[in-house]
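In: quick one, structure for this:
(2 chains)
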Amino acid sequence: MAEAKRYYVTTPIYYVNDAPHIGHAYTTLACDALARFMRLDGYDVHFLTGTDEHGQKVEKSAKAAGVDPQAFTDKVSQNFRDLAKAMNYSNDDFIRTTEERHKKACQEIWRRLKDRGEIYLGSYAGWYAVRDEAYYGEDELTVGPNGKKIAPSGAEVEWVEEPSYFFKLSEWGDKLLAFYDANPDFIAPESRRNEVISFVKSGLKDLSISRTTFNWGVQVPDDPDHIMYVWLDALTNYITAVGFPDDQSAMYKKFWPADLHMVGKDILRFHAIYWPAFLMAADLEPPRRVFAHGWWTNEGQKISKSLGNVIAPLHLVEKYGLDQTRYFLLREIPFGNDGDFSHRAMVQRMNSDLANGIGNLAQRSLSMINKNCDAAVPQPGDFNEADERLINAAEEALPKVRDFIREQGFHKALETIWQVIGEADRYVDEQAPWALRKTDPARMNTVLYVLAETIRRLGLLLQPFMPQSAERLLDQLVLSPEARTFAAYGRDHALKPGTALPKPEGVFPRFVEPEAAS
RNA sequence: GGCAGCGUAGCUCAGUGGUAGAGCAGGGGAAUCAUAAUCCCUUGGUCGGGGGUUCAAAUCCCUCCGCUGCUACCA
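Out: Below is the predicted model:
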């Protein structure tokens, strides 16, 4: 059965207590490239990001700042909207857990779980460290000199008990395993999938899903003493945004289940275990896929606030350029692995791949057209074998890139595009249009036409990754907006000979080290 | 500790039974259209150590060494 061409992709909602860093930028960037690709490929895309604004930490931070929590979150969530704008993300919606629509959705999913007998009232007890605001397991504790129990962090813990509602997660282990088995692509990469499965196989405990010790959260229906605990609240955002609780709405029917939840590896468990369990328990469909990507290090060092080596995305954009940063993050490491950000590697990518690669190819080709073809798309003659080879290589790149994008292989997609660039450079050298200028101008025209066509396709392919630069590249070929989708990728949408072209300008500057002060 | 995985050229990684690969870095050459960019050739590896299975092992098995991830309620 033919399903409508729609694609729903989400980032996690980011906890507003953190300042936006490279991790946030990276997750959303991957989703953005995916969303842009799917749109160009004819899909109706819904790309969601947002902020998680509830919880004890937010409540405390607001208090410390002397404002009420809502005013506090209004302010800090703006940082994430600013980031989205600065990184040129194309999200269709930005959800905040403090919105009315979301509270309604949370309370409704709670009611459904309650009605189906998936929630019961119990009490949550454990060793709690006030300083860390966290519970610890018995086996993590050590005994301090004064005989008190000490958390791994060094904080003293005390035994506390509070009433709490529980979700019967323990009853969902087998159903989850059956679900993973029936949906082998549900968790990626493969190694993460294995971890999740082994975790579930080791047995699941019921999950505490309410708290009474603070107020900043969604109230539990019919029990005002409790607020809903983070994960049920946070995860529900994914269905809130497509119209839940109105699960008969056009929006919900069209976009749920989500095609992909992109997450960092640290929150995989919540997305791959709790979330499908919540949904199945509420008789809703689980999402289709969760991808857990890796973390960045900075010049080989683990990034941490205490080391003071946090990477601010805006700083990178300012220093290297927006599209250069986007390109680096998606190209440098196999998506899913951890990766290292270093100035050296960044400059390498920026100069070798961008300036010397696509930048130089476009500039050398378009300059020759500008100077030797009356600044218009040249009239080609018949294609010879070499021409066909390059045209075909470019033609075949789209389906290859598509396959890689569908499995979130961003680095492979870019590598595929760069193979075409390499072939085009070899083609220029072999054909030597600068020599043909005198010996065989008609053949020169054909060669330059083939190059322009190749650049057209490269520009189209680069749009999801480097939207602004690709746009400038395509502007230099005077492509109409309709001619910029993948529907216009083929030969039947080839450049029209005679089309006047502007004087080309470099799109990818090289990075030049500032001279050391002497 | 338990479970899982990894260790291949200076760097990042591909290669899962049949003559060791790519990109970048290094060396040499060509070309001069282009952001001194490009193209060609090339140096470089006892595929972590040892043992075994096989006509044949980076690839399968055993063992040792080193590294990483997961091992539940801060998000």
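In: what's the end-to-end length of stretch A:148-156?
Out: 7 Å (CA to CA, to the nearest Å).
In: show me the shaky parts of chain A.
Out: Along chain A, segments meeting pLDDT under 70 span A:1-3, A:131-134, A:137-142, A:144-145, A:151-154, A:515-518.
In: the residue most distant from the middle of it, which is it?
Out: Here chain A reaches farthest from its C-alpha mean at A:Thr439, the gap being 51.0 Å by CA atoms, centre = their mean.
In: how near is that residue to A:Thr28?
Out: Distance of A:Thr439 to A:Thr28, computed by CB to CB, to the nearest Å: 52 Å. All C-beta atoms are positioned from the backbone trio N, CA, C, and that covers glycine.
In: and the residue farthest from the centre of chain A, its phi and psi?
Out: Dihedral pair for A:Thr439: phi -90, psi -30, per degrees, to the nearest 10.
In: how close does it get to A:Ser365?
Out: For A:Thr439 relative to A:Ser365 (CB to CB), the value is 19 Å.
In: do A:Arg81 as well
Out: Taking CB to CB, one finds A:Arg81 at 39 Å from A:Ser365.
In: residue of the stretch 301-450 of chain A nearest RNA strand B, please.
Out: Here the stretch 301-450 of chain A gets closest to RNA strand B at one residue, A:Gly359, 2.3 Å apart by CB to the nearest atom of the strand.
In: now that residue: closest residue in space, sequence neighbours ignored.
Out: For A:Gly359, ignoring the flanking residues on the chain, the nearest one in space by CB to CB, 6 or more residues apart in numbering is A:Phe508 at 3.2 Å.
In: what is the neighbour count of A:Glu385?
Out: Number of residues near A:Glu385 (other CB atoms under 10 Å) recorded here: 6.
In: A:Leu354 and A:Ser469, how far apart?
Out: Taking CB to CB, one finds A:Leu354 at 8 Å from A:Ser469.
In: next, show the common contact partners of the two.
Out: Common neighbours of A:Leu354 and A:Ser469, using CB atoms under 8 Å, 6 or more residues apart in numbering, are A:Phe508.
In: follow-up on the earlier one: secondary structure class of the residue of the stretch 301-450 of chain A closest to RNA strand B, three-state.
Out: Under DSSP: H, G, I helix; E, B strand; the rest coil, the three-state class of A:Gly359 is helix.
In: now swap in A:Ala397 and tell me
Out: The three-state assignment at A:Ala397 reads helix, by three-state DSSP.
In: assess the claim that it and A:Leu461 are in contact.
Out: Yes. Assessed by CB atoms under 8 Å, A:Ala397 is found in contact with A:Leu461 at 6.2 Å.
In: contact residues of the stretch 251-400 of chain A facing RNA strand B?
Out: A:265-267, A:269, A:333-334, A:337, A:339, A:348, A:352, A:355-357, A:359-360, A:362-364, A:367-368, A:371 (CB under 7 Å from any atom of the strand).
In: kindly recompute the last result at 6 Å.
Out: The stretch 251-400 of chain A comes close to RNA strand B at residues A:265-266, A:269, A:334, A:337, A:348, A:352, A:355-356, A:359-360, A:363-364, A:367-368, as judged by CB under 6 Å from any atom of the strand.
In: can you turn the buried part of these into a PyMOL selection?
Out: Those of these that count as buried under 16 or more other CB atoms under 10 Å are selected in PyMOL with:
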select buried, chain A and resi 265+269+355+359+360+363+364+368
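In: which ones among the residues of the stretch 251-400 of chain A next to RNA strand B are found in helices?
Out: The helices, defined by DSSP state H, take in A:269, A:348, A:360, A:363-364, A:367-368 from those.
In: dump the residues you listed to CSV, plus distance to A:Trp159.
Out: Output for those, formatted as CSV (distance: CB to CB, whole Å):
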residue, distance to A:Trp159
A:Arg269, 26
A:Gln348, 55
A:Asn360, 67
A:Gln363, 70
A:Arg364, 73
A:Ser367, 75
A:Met368, 78
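In: between these, which is closest to A:Arg406?
Out: Among these, A:Arg269 lies closest to A:Arg406 (CB to CB), at 24.6 Å.
In: wait, doesn't the closest one sit right on A:Phe199?
Out: Yes. With contact defined as CB under 8 Å, A:Arg269 and A:Phe199 form a contacting pair (6.8 Å).
In: please enumerate the strands of the stretch 251-400 of chain A.
Out: For the stretch 251-400 of chain A, the strands defined by DSSP state E, counting those that start in this stretch occupy A:260-264, A:290-293, A:296-298, A:339-341.
In: A:Thr485: how many residues sit nearby?
Out: Count around A:Thr485 with other CB under 10 Å applied: 15.
In: and what of A:Lys412?
Out: By other CB under 10 Å, 18 other residues sit near A:Lys412.
In: and what of A:Leu279?
Out: 21.
In: list the contacts of it.
Out: A:239, A:285-287.
In: how about A:Phe37: what's its closest non-neighbour residue?
Out: A:Phe37 sits nearest to A:Pro464 (CB to CB, 6+ apart), 4.0 Å away.
In: ok, the one you found to A:Gly336 distance?
Out: A:Pro464 is 18 Å from A:Gly336, by CB to CB.
In: these two: who's more crowded?
Out: A:Pro464 (25 against 21).
In: surely the more buried one is in a strand?
Out: No. The assignment for A:Pro464, made by three-state DSSP, is coil rather than a strand.
In: now do the phi/psi pair for it.
Out: Backbone torsions of A:Pro464, given as degrees, to the nearest 10, read phi -60, psi -30.
In: so it sits against A:Arg36, correct?
Out: Yes. Contact status for A:Pro464 versus A:Arg36: in contact at 3.8 Å, counting by CB under 8 Å.
In: residues in contact with the residue nearest to A:Gly359?
Out: For A:Phe508, counting by CB under 8 Å, 6+ apart, the contacting residues are A:324, A:350, A:354-355, A:358-359, A:469.
In: just the buried ones from these, in ChimeraX syntax?
Out: Provided next is the ChimeraX selection string for whichever of the contacts of A:Phe508 are buried by 16+ other CB under 10 Å:
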select /A:324,350,354,355,358,359,469
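In: what number of residues lie near the residue lying closest to A:Gly336 once chain neighbours are set aside?
Out: If the residues on either side of it in the chain are set aside, A:Gly336 comes closest to A:Pro189, at 4.0 Å by CB to CB, 6+ apart. A:Pro189 has 18 neighbours, counted by other CB under 10 Å.
In: with A:Lys438 instead?
Out: Count around A:Lys438 with other CB under 10 Å applied: 8.
In: check which helix or strand it maps to.
Out: Assigned by DSSP states H and E, A:Lys438 belongs to helix A:433-439.
In: hmm, that helix in reach of RNA strand B?
Out: Yes. Between helix A:433-439 and RNA strand B, judged by CB under 6 Å from any atom of the strand, the touching residues are A:Trp434.
In: repeat that for stretch A:44-53.
Out: Yes. Contact of stretch A:44-53 with RNA strand B (CB under 6 Å from any atom of the strand) involves A:Asp52.
In: assumed A:Ser164 was part of a strand.
Out: Yes. A:Ser164 forms part of a strand when assessed by three-state DSSP.
In: what are the ranges of the helices in the stretch 101-250 of chain A?
Out: With helices called from DSSP state H, counting those that start in this stretch, the stretch 101-250 of chain A shows them at A:173-182, A:190-201, A:230-235, A:237-240, A:250-255.
In: three-state assignment of A:Ser469?
Out: Judged by three-state DSSP, the three-state class of A:Ser469 is helix.
In: which residues touch it?
Out: Taking CB under 8 Å, 6+ apart, we find A:Ser469 in contact with A:323, A:462, A:507-508.
In: among these, which are located in helices?
Out: The helices, defined by DSSP H, take in A:323, A:462 from the contacts of A:Ser469.
In: returning to what we had before: what's near enough to touch the residue of the stretch 301-450 of chain A closest to RNA strand B?
Out: Residues in contact with A:Gly359 (CB under 8 Å, 6+ apart) are A:506-509.
In: burial count for the nearest residue to A:Pro313 once chain neighbours are set aside?
Out: Nearest residue to A:Pro313, sequence neighbours excluded (CB to CB, 6+ apart): A:Ala25, at 3.7 Å. By other CB under 10 Å, the residues close to A:Ala25 number 26.
In: thanks again, I'm all set now.
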